[in-house]
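K.L.:
Sequence and predicted structure below; questions after.
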Protein chains: 2
Amino acid sequence: MTAHVPDPGAPGYDVMPWGLRWHGLDTDALKRHESTFALANGHIGLRGSLDEGEPVGLPGTYLNGFFERRPLPYAETGYGDPEDGQTIVNVTDGKIIRLLVEDEPLDMRYGSTLAHERTIDFRAGTLRRRTDWESPTGSRVRIESERLVSFTQRAIAAIHYQVEALDEPLQLVVQSELLANEPTETSADPRAAAALEAPLVPDAASSVHYRAVLGHHTRRSGLRMAAAMDHHVHAPDKLRTRIEAAGDSARLTITAMVPAGRRLRITKYLAYGWSSHRSTPALQAQVHAALDGALQIGWQGLQHDQRHYLDDFWEAADIEVAGDPELQQALRFALFHVLQAGARGESRAIPAKGLTGPGYDGHAFWDTESFVLPVLTYTTPQAARDVLRWRHSTLPKARVRARELGQAGAAFPWRTIDGDECSGYWPAGTAAFHINADVADATARYLDATGDTAFEVDFGAELLVETARLWASLGHHDRQTGFRIDGVTGPDEYTAVKNNNVYTNLMARRNLREAVAVCERHPEVASRLGVEESEIRRWRKAADKMAIPYDEALGVHPQCDDFTCYADWDFEATPADSYPLLLHFPYVDLYRKQVVKQADLVLAMHLAGDAFTPEQKARNFAYYEARTVRDSSLSAATQAVLAAEVGHLELAYDYLGEAAFADLHDVQHNVASGVHIASLAGAWAATVAGLGGMRDHHGQLSFAPRLPPQLAGLAFRMRFAGRQIRVKISADHATYQLFRGKPLEFAHHGQPVTIGPGEEISLPTPPLPRREPPSQPPGRAPARRRPATTR
Amino acid sequence: MTAHVPDPGAPGYDVMPWGLRWHGLDTDALKRHESTFALANGHIGLRGSLDEGEPVGLPGTYLNGFFERRPLPYAETGYGDPEDGQTIVNVTDGKIIRLLVEDEPLDMRYGSTLAHERTIDFRAGTLRRRTDWESPTGSRVRIESERLVSFTQRAIAAIHYQVEALDEPLQLVVQSELLANEPTETSADPRAAAALEAPLVPDAASSVHYRAVLGHHTRRSGLRMAAAMDHHVHAPDKLRTRIEAAGDSARLTITAMVPAGRRLRITKYLAYGWSSHRSTPALQAQVHAALDGALQIGWQGLQHDQRHYLDDFWEAADIEVAGDPELQQALRFALFHVLQAGARGESRAIPAKGLTGPGYDGHAFWDTESFVLPVLTYTTPQAARDVLRWRHSTLPKARVRARELGQAGAAFPWRTIDGDECSGYWPAGTAAFHINADVADATARYLDATGDTAFEVDFGAELLVETARLWASLGHHDRQTGFRIDGVTGPDEYTAVKNNNVYTNLMARRNLREAVAVCERHPEVASRLGVEESEIRRWRKAADKMAIPYDEALGVHPQCDDFTCYADWDFEATPADSYPLLLHFPYVDLYRKQVVKQADLVLAMHLAGDAFTPEQKARNFAYYEARTVRDSSLSAATQAVLAAEVGHLELAYDYLGEAAFADLHDVQHNVASGVHIASLAGAWAATVAGLGGMRDHHGQLSFAPRLPPQLAGLAFRMRFAGRQIRVKISADHATYQLFRGKPLEFAHHGQPVTIGPGEEISLPTPPLPRREPPSQPPGRAPARRRPATTR
């Protein structure tokens, strides 16, 4: 019916617990599959394009943080509007291994594809491909390749590529390439397009034996990069090779006669490096060294380390589902992509699309701190720490931006690659100051969940203090309301530039209080940061007097001042093809009405849930459920969390499904430009915080697990302050296991529990509160999810 | 000190009661003088550049409504953002009369200028120039020229040009030109610049005898135009002429030997025509015909008609000032330019800069209805009618725009040339819905002041009804506040997208009530417009329940909901060079604070003054006076009106001065791109509504005249429903004269008075209420005005 329901006639991915497989070549779905089959380690990202380079949807090879600047145009410029945008660059493509079979180029659009499948293996961390192809002249070959982007050697990717001559001896020519400035789609804006067409300027090219290096830089952002390849080649018979490198391309050509039933085997090692400071020679040396390291360990060594890294990850992060194999697959797919986005970023951002596509220009948003970091904090805390260190590294820019906006402290950008604000529409960018509280929230959560005092002293305290300073200057005490924060935009982008957004104010309150606490814990740090007693008093007073609007007559929290007085949206008169609304209605209309793009007050009830009574939560949830259209992929997961909390388990399950399948079902029709990392992270939240009821207010862990009737069982794992925990949910009870670490105090449905290492405790689930199921705007209910097994 | 004080050391215009004169050539002030010395009749505008074309500041010849489209760029596009902008085109320049004296081109940057002055004569309606020039080789000539743009023959301009050989016989060569696509300054945006560079495409060129015609069209807007010139030439001796026309230029070359003390005399007639429908041949025929008409009447006939037209105007519009000759001059300068902007537009807009320069892209704003039309309504009502007919002609576009914005009725554009919205920043454009109530206000005022039933039936009713429909759909009744209008921007552009802006709501209320009234007066018209009884009831209910926020604690009206709760602007920390604030602070900061760019609530107290008590007015005025920075040229006049009403006469006089001298003193440093028609019209309002206390609520005329202590006397004239009135203000009384028309009932300081035709009534001025003088933000008080005579 609506965009939320995938086409049931479409061929799907194979349902399997530990992988994702697609059979056949769907040329209409090239871009989608390049995103879902993308490999990345947080530093290097390779879209899942075919080895032979074509057919291709949207070629993409990314280095986290490597971007080009472009002018941002305005019809009418305002002071403080950013002049420059940033766009992630499709860097030198090292994935290409072209094949000629008896002079016919392998291109699956021609000849016959007898068999073709590709599989991501979530435990091996590789993309495997197997293709049987008959050339137009009747020669048949089998290609088996396996690709990885190494989690353990972050500068390295590798491809193990084998061609078998199936029926007869064949002359095979393989061209393994590095190719810069591939033609790709660019912006509609002519100036942006001009800046981004062929963004890489060649600096150096060299080749020797099986190895080649290309060096490039960007024109405007002035970043330099080097890409290099080396090869192991194993041919059954004699072999001719030629290597060349110049300008934008390098090529190793391998010519071999391969007897029937025999294989030509090539391992291609790729190394990437970039820097804004280091010279081209230094970068070349760096990729040479990375290649040497990879060659030394070899393909099997890389495979082994990859699997070992992932074993560790799954041990701490796995979610087990009984009764819905497709959901099981989707949740592991989600965790795998979240890991790929965040694993080895090391002081770089996590873009909204990870490194899987050019969507959102490769920018990072609040998604990182509010959706992705909770997952990483409880599963891969060192990755969460690295991302927070990236934020910290952008503090100088955020301080400058705060001054530009007339504020104290730091104002982090709404969207950015390197820390500079790149949002060209301030009501949904600059005004969304909540990102600063989101950074503080992620910082405080990381500190609570890890007890990482070194990080707290060196980085965390400063993040908390500088964001608190922003709130202290952005808000003010008025004569009666309290501490007001006027003219800001909350998470819901259909309600912008308003006063006292409840989410923003509650998160700002938490931010101020965490800053007070960190200064009290570490007076010497406070002193280093210039925090005086009077400033702490001001923070405490602002927090205590924070304005939280409440509509007494309706018994609900208005999302912001007066929200519940706004006109209702005429949902009955809004046809299904008018969604997403922002493409069919002007902001001037949306902003004046009670229509919600994405969870806002509902997100406040999750992240600042201790500020609401259970009854308020239930009423608020019902109120906003009827007004939320979910035109954002960030919404369903949060709605799942609150639906579960207030007792609508089937609805929670539906929303969990929507979040988990956002990319596999291409719910928003835009996975082509990359997977939605925050929505995938949201699937974790919908499971762990939703069905598991996990909360972590003030570092106090609590659970309220409940199994929706559609499932037979569910278990999730997490780390907490050096401990490793597994929570298993059955229909009428939950079982907690503590694998290692110190004894843990937590709450089960409000009841205090202590568990020791190696212990397992089963506790009954209290009865579900009975509440009327809420209703959504017409046509906007989530797809009712029925597990595949019950279809 | 601030931008509000002109440099006292700068040479000024000669102070004279009926003209504006400048001595000498100030090359730094070329652009400014081209604006102040511009001539126009509402259809054709000629900037006051020198006859010989160079030196020139900003060449400009404009045809009202003749524009080119250009793309409007956005960093992030929103639904409903206009894709195209419109920019007034500098059309074929017919002013140019080049002179060569013994082979030396007359260019005042070379040789010696022995004498040079230019004078606009407000009664003759001409620009006279007299220059004595010695060529680098020592030949001396005197040039006397006089230029007019005819008020009576709207397609015609003419230049009477004489050169005298001062000391010896001289060979003179005169080149009289039509020149299209003059090089000029264009936008910084490369796409806009590309669209606007050489915007005219040549279609036709022809010449015969002393006459030439050029036809052009614009590339994107597809408008066609023709420009033609013809000449009378009178030489003392033999004469050679040559005429040529091709592409972008036509030229009549006149070569003559002129004996010492004798003159070469040329009258150049210019005709212009343009159309979006008519063909190039038709337009050529049209300008030929216009030239023939002008030649028949001749230069003296044009002069005579011009003076006669202006005599009529001044008889109904003049303001007489005793005790401040500079103000006297400024007020007549103001009225002259307002007339030039609006006289013969005939179904075209009145751009914010009239036809005196390219400022604001040649767009018309609400300035037209709210500032210019009151002047025209009471002095030249047929011009007011024509402008309202222009608005009416754009109703189809306004209806389409309203649908695009999700509204009923009509939504007029914030800025436009042809009726399409051209605002590229919706919070200060589309959201300023008050323009629709401003159109209705001007319509109702025109109807009240003229009793023009034919216009009411054919045009006025539809304007009132369609704008009322907008308000009925834009607002809604909430549970407690009443009829709310949320998310709109009032006149103050430092406070945007707010709820229940008092100005907007009061003007919308008037709009709704006027629509009810016109439908009740003309049921057949209501029926034609599809208005049913139920719709009228809804309008009446919305008007009756209109939300008007009031801060009981402070006893003032917040400009919009919660305005008085916003943070104060830190004026003490705002240095003088940080004004205008919008160039130094972001909107996100301005919108959240109690800082006001321009009169907003104060304008409501003028135009909807009957909604406030005198005490509310005094308190509100003091409150907003302390928060208004006057970064808009539209502000001072309104502040003058209310300052006078609440009893601060000296302050009113200062603000009157600021409005009246906005262009002559170049208060905002931007008269280069055209004079500020609305500020000049505001000078009239500051005098007539301010010092004269004239109000016209519901068609009831009232006066409350008071003379500020700086003046010895003041008189103004106006028309009202066929009557002609003069009000003379002395220190302790006012004298009313009714020259013709039916007896008039009006109020003098609240006291009902009736005056018959030919009568004169003197009435005493009641004592001034004593109130504390209000204060302005530091450094933002208006310049204290001391009349020139008392210096």
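P.N.:
Sure thing, it's come through. Numbering: from 1, shown residues only, chains lettered A, B, ... in the order given.
K.L.:
where along the stretch 51-200 of chain A do the helices fall?
P.N.:
Counting by DSSP state H, counting those that start in this stretch, the segments of the stretch 51-200 of chain A that form helices are A:190-196.
K.L.:
Nearest to chain B within it, name that residue for me.
P.N.:
As assessed by Cβ to the nearest Cβ, chain B sits closest to A:Ala75 within the stretch 51-200 of chain A, at 2.1 Å. (C-beta placed from N, C-alpha, C; glycine too.)
K.L.:
how close does that residue get to B:Ala193?
P.N.:
Separation of A:Ala75 from B:Ala193 (Cβ to Cβ, to the nearest Å): 14 Å.
K.L.:
And these two? Which one has more around it.
P.N.:
Ranked by neighbour count (other Cβ atoms under 10 Å in any protein chain shown), A:Ala75 and B:Ala193 place A:Ala75 first, with 22 against 13.
K.L.:
Next up, the contacts around the more buried one.
P.N.:
B:72-74, B:81-82, B:85, B:423-425 (Cβ atoms under 8 Å, 6 or more residues apart in numbering or on different chains).
K.L.:
Mind doing that once more with 6 Å?
P.N.:
The neighbours of A:Ala75, taking Cβ atoms under 6 Å, 6 or more residues apart in numbering or on different chains as the test, are B:72, B:424.
K.L.:
for A:Gly713, same thing?
P.N.:
Contact partners of A:Gly713, counting by Cβ under 6 Å, 6+ apart, are A:322, A:730.
K.L.:
Got phi/psi on it?
P.N.:
Note on A:Gly713: backbone dihedrals following degrees, to the nearest 10 are phi 180, psi 160.
K.L.:
pretty sure A:Trp390 is touching A:Ala349, no?
P.N.:
Yes. With contacts counted by Cβ atoms under 6 Å, A:Trp390 reaches A:Ala349, the gap being 5.5 Å.
K.L.:
Who has more neighbours out of the two?
P.N.:
More crowded of A:Trp390 and A:Ala349, by other Cβ under 10 Å: A:Ala349, with 25 against 21.
K.L.:
check contacts around that one.
P.N.:
By Cβ under 6 Å, 6+ apart, A:Ala349 lies in contact with A:364, A:390.
K.L.:
Next: A:Arg513.
P.N.:
With contact taken as Cβ under 6 Å, 6+ apart, A:Arg513 is in contact with A:Ala543.
K.L.:
pretty sure it belongs to a helix, no?
P.N.:
Yes. Counting by DSSP: H, G, I helix; E, B strand; the rest coil, A:Arg513 is part of a helix.
K.L.:
In chain A, which residue is most central in space?
P.N.:
The centre of chain A sits closest to A:Ile677, judged by Cα atoms, centre = their mean, with a distance of 2.4 Å.
K.L.:
and that one, how far is that from chain B?
P.N.:
Distance, A:Ile677 to chain B, by Cβ to the nearest Cβ, to the nearest Å: 21 Å.
K.L.:
Could you report the separation of that residue from A:Ala40?
P.N.:
Using Cβ to Cβ, we find A:Ile677 at a distance of 10 Å from A:Ala40.
K.L.:
Name the residues contacting each of these two.
P.N.:
Residues touching both A:Ile677 and A:Ala40 (Cβ under 6 Å, 6+ apart) are A:Gly354.
K.L.:
residues from chain A in reach of chain B?
P.N.:
With the criterion set to Cβ under 6 Å from any Cβ of the partner chain, chain A comes near chain B through A:72-73, A:75-76, A:78-80, A:405-406, A:424-426, A:430-431, A:476, A:478, A:486-487, A:497, A:565-567, A:583, A:585-589, A:591-592.
K.L.:
ok, then the element right after the lowest-mean-pLDDT helix or strand in chain A?
P.N.:
Least confident helix or strand, chain A: helix A:190-196 with a mean of 71, by mean pLDDT, DSSP states H and E. Using DSSP states H and E, the helix or strand that follows helix A:190-196 in sequence is strand A:200-208.
K.L.:
List the buried residues of the longest helix along chain A.
P.N.:
With DSSP state H setting the assignment, residue counts place helix A:280-317 as the longest helix in chain A. Using 16 or more other Cβ atoms under 10 Å in any protein chain shown as the test for burial, helix A:280-317 gives A:280, A:283-284, A:286-288, A:290-291, A:294-295, A:297, A:299, A:302-303, A:305-307, A:309-310, A:313-314, A:316-317.
K.L.:
That helix: how far from the chain's middle?
P.N.:
On the basis of Cα atoms, centre = their mean, to the nearest Å, helix A:280-317 sits 22 Å off its chain's mean C-alpha point.
K.L.:
Next SSE downstream of that helix?
P.N.:
Following helix A:280-317 toward the C-terminus (DSSP H and E): strand A:319-322.
K.L.:
Run a quick neighbour tally on the closest residue to chain B within the stretch 351-500 of chain A.
P.N.:
Nearest residue of the stretch 351-500 of chain A to chain B, counting by Cβ to the nearest Cβ: A:Gly424, 2.1 Å away. By other Cβ under 10 Å, 20 other residues sit near A:Gly424.
K.L.:
Likewise for A:Asp103?
P.N.:
Residues lying near A:Asp103 (other Cβ under 10 Å) number 10.
K.L.:
Repeat that for A:Pro757.
P.N.:
By the criterion of other Cβ under 10 Å, A:Pro757 has 14 neighbours.
K.L.:
quick one: contacts for it?
P.N.:
By Cβ under 6 Å, 6+ apart, A:Pro757 lies in contact with A:738, A:740.
K.L.:
Just the helices from the stretch 501-650 of chain A, written as ranges.
P.N.:
For the stretch 501-650 of chain A, the helices defined by DSSP H, counting those that start in this stretch cover A:502-521, A:523-528, A:533-544, A:587-590, A:601-607, A:614-625, A:635-646, A:649-660.
K.L.:
which one of the ones you listed is the most hemmed in?
P.N.:
Ranked by mean neighbour count, the helices of the stretch 501-650 of chain A are led by helix A:635-646 with a mean of 29 (mean count of other Cβ atoms under 10 Å in any protein chain shown).
K.L.:
Would you mind writing the CA trace of it as PDB?
P.N.:
Extracted C-alpha coordinates of helix A:635-646, given in PDB (Å, rounded to 0.1, in the frame of the first residue of the first chain):
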ATOM      1  CA  SER A 635      11.800   7.400  13.700                       C
ATOM      2  CA  ALA A 636      10.600   3.700  13.700                       C
ATOM      3  CA  ALA A 637      13.200   2.500  16.100                       C
ATOM      4  CA  THR A 638      12.400   5.100  18.800                       C
ATOM      5  CA  GLN A 639       8.700   4.400  18.400                       C
ATOM      6  CA  ALA A 640       9.500   0.700  18.900                       C
ATOM      7  CA  VAL A 641      11.300   1.500  22.100                       C
ATOM      8  CA  LEU A 642       8.400   3.500  23.600                       C
ATOM      9  CA  ALA A 643       5.700   1.200  22.200                       C
ATOM     10  CA  ALA A 644       7.300  -1.600  24.100                       C
ATOM     11  CA  GLU A 645       7.700   0.500  27.200                       C
ATOM     12  CA  VAL A 646       4.000   1.500  27.400                       C
END
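K.L.:
contacting residues around that helix?
P.N.:
Helix A:635-646 is contacted from outside by A:598-599, A:602-603, A:605-606, A:617-618, A:621, A:630, A:651-652, A:655-656, A:658-659, A:682, A:685-686, A:689-691, using Cβ under 6 Å, 6+ apart.
K.L.:
now stretch A:320-340
P.N.:
By Cβ under 6 Å, 6+ apart, stretch A:320-340 touches A:15, A:17, A:20, A:40, A:122, A:313, A:317, A:319, A:375, A:660-661, A:664, A:675, A:680-681, A:683, A:711-715, A:787-788.
K.L.:
if I look at the nearest residue to A:Arg278 once chain neighbours are set aside, how far off is A:Val287?
P.N.:
Distances taken as Cβ to Cβ, 6 or more residues apart in numbering or on different chains place A:Arg224 nearest to A:Arg278, at 6.9 Å, with adjacent residues excluded. Using Cβ to Cβ, one gets 12 Å for the distance from A:Arg224 to A:Val287.
K.L.:
Great, nothing more from me.
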